[in-house]
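[1] here is my input, please return the structure:
(2 chains)
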Amino acid sequence: RKEVEQDPGPFNVPEGATVAFNCTYSNSASQSFFWYRQDCRKEPKLLMSVYSSGNEDGRFTAQLNRASQYISLLIRDSKLSDSATYLCVVRLSGGYNKLIFGAGTRLAVHP
Amino acid sequence: NAGVTQTPKFQVLKTGQSMTLQCAQDMNHNSMYWYRQDPGMGLRLIYYSASEGTTDKGEVPNGYNVSRLNKREFSLRLESAAPSQTSVYFCASSGMGQAKTEAFFGQGTRLTVV
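    Prediction:
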């Protein structure tokens, strides 16, 4: 079983749609959680960190459920510019500081 | 603001050749990472260095070696390149501890082994 698993995608949605991505992680020692965005042939960049209480940044909302080892990302009012691959990332605790990436979910927003 | 700098950006190798990918960060981060990304796939961890003086294997270490030369630099070496190592390689760095620990990435090295 992979340490971080995501919806396989791709998600094809019209502009203005709401779309949700899910992610599960297997290691209970996971300490920090992130969503990254990766555009085609570019390096990943941080979209947002995910906090235990849930957090929102404009049209983006992230949720964490430690009991179920589950993370989600909700995008409201999708824009064409949201088209990208979204990567779920988990950092393990202790001195390891190991960052594990999910395989990513591709989003295509069309007019 | 250089951030994370990788060299080279592109490389073509013949099977059996060796090369070293260089990575340097100027953010005073303790941790550095090497990932590979194959077409249509996510990032797989090759090696990482939680802090200067330590290195650990990731998910796909076979065929690679690393050196944490100092706090700034973390190199990845392919001793005998194979076509299966054709990929895009990303170096990243991050801080440690409970504070913000997002990872910053270099622009990637596109390696082709023929």
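[2] so where do the strands sit in chain B?
    Assigned by DSSP state E, the strands in chain B fall at B:4-7, B:10-13, B:19-25, B:31-37, B:43-49, B:56-57, B:64-68, B:74-78, B:87-94, B:103-105, B:109-113.
[3] any chance of these in a markdown table, with distance to chain A too?
    Placement of C-beta: from N, CA and C, glycine included. Compiled in a markdown table, the strands of chain B are given as follows (distance: least, C-beta to the nearest C-beta, whole Å):
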| stretch | distance to chain A |
| --- | --- |
| strand B:4-7 | 8 |
| strand B:10-13 | 12 |
| strand B:19-25 | 12 |
| strand B:31-37 | 4 |
| strand B:43-49 | 4 |
| strand B:56-57 | 7 |
| strand B:64-68 | 13 |
| strand B:74-78 | 13 |
| strand B:87-94 | 6 |
| strand B:103-105 | 4 |
| strand B:109-113 | 8 |
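[4] so for residue A:18, which of these sits nearest?
    Set against residue A:18 and scored by C-beta to C-beta, the strands of chain B come closest in strand B:43-49, at 27.1 Å.
[5] which neighbouring elements make contact with the closest one?
    strand A:99-101, strand B:31-37, strand B:56-57, strand B:64-68, strand B:74-78 (3 or more C-beta pairs under 8 Å, 6 or more residues apart in numbering or on different chains; DSSP states H and E).
[6] what's the angle from that strand to strand B:31-37?
    Calculated by axes from the mean of the first three to the mean of the last three C-alpha atoms, to 10 degrees, strand B:43-49 forms an angle of 150 degrees with strand B:31-37.
[7] what about residue A:1, neighbour count?
    A count of nearby residues for residue A:1, using other C-beta atoms under 10 Å in any protein chain shown, gives 5.
[8] okay, now the unreliable bits of chain B?
    Of all residues in chain B, those with pLDDT under 70 make up the ranges B:1, B:97-100.
[9] any idea which residue sits dead centre in it?
    By C-alpha atoms, centre = their mean, chain B has its centre lying nearest to residue B:34, at 2.7 Å.
[10] verify the stated contact: it with residue B:68.
    No. Counting by C-beta atoms under 8 Å, residue B:34 does not reach residue B:68; the two are 10.8 Å apart.
[11] residues that sit against both of these two, list them.
    Counting by C-beta atoms under 8 Å, 6 or more residues apart in numbering or on different chains, the common neighbours of residue B:34 and residue B:68 are residue B:74.
[12] what residues does chain A put near chain B?
    Counting by C-beta under 8 Å from any C-beta of the partner chain, chain A comes close to chain B at A:31-32, A:34, A:41-46, A:49, A:87, A:89, A:91, A:95-104.
[13] go with 10 Å
    A:2-4, A:6, A:31-32, A:34, A:36, A:38, A:41-49, A:85, A:87-89, A:91-106 (C-beta under 10 Å from any C-beta of the partner chain).
[14] list the buried residues in stretch B:103-110.
    B:103, B:104, B:105, B:106, B:107, B:108, B:109 (16 or more other C-beta atoms under 10 Å in any protein chain shown).
[15] stretch B:22-41 too?
    Of the residues in stretch B:22-41, those buried (16+ other C-beta under 10 Å) are B:22-25, B:29-37.
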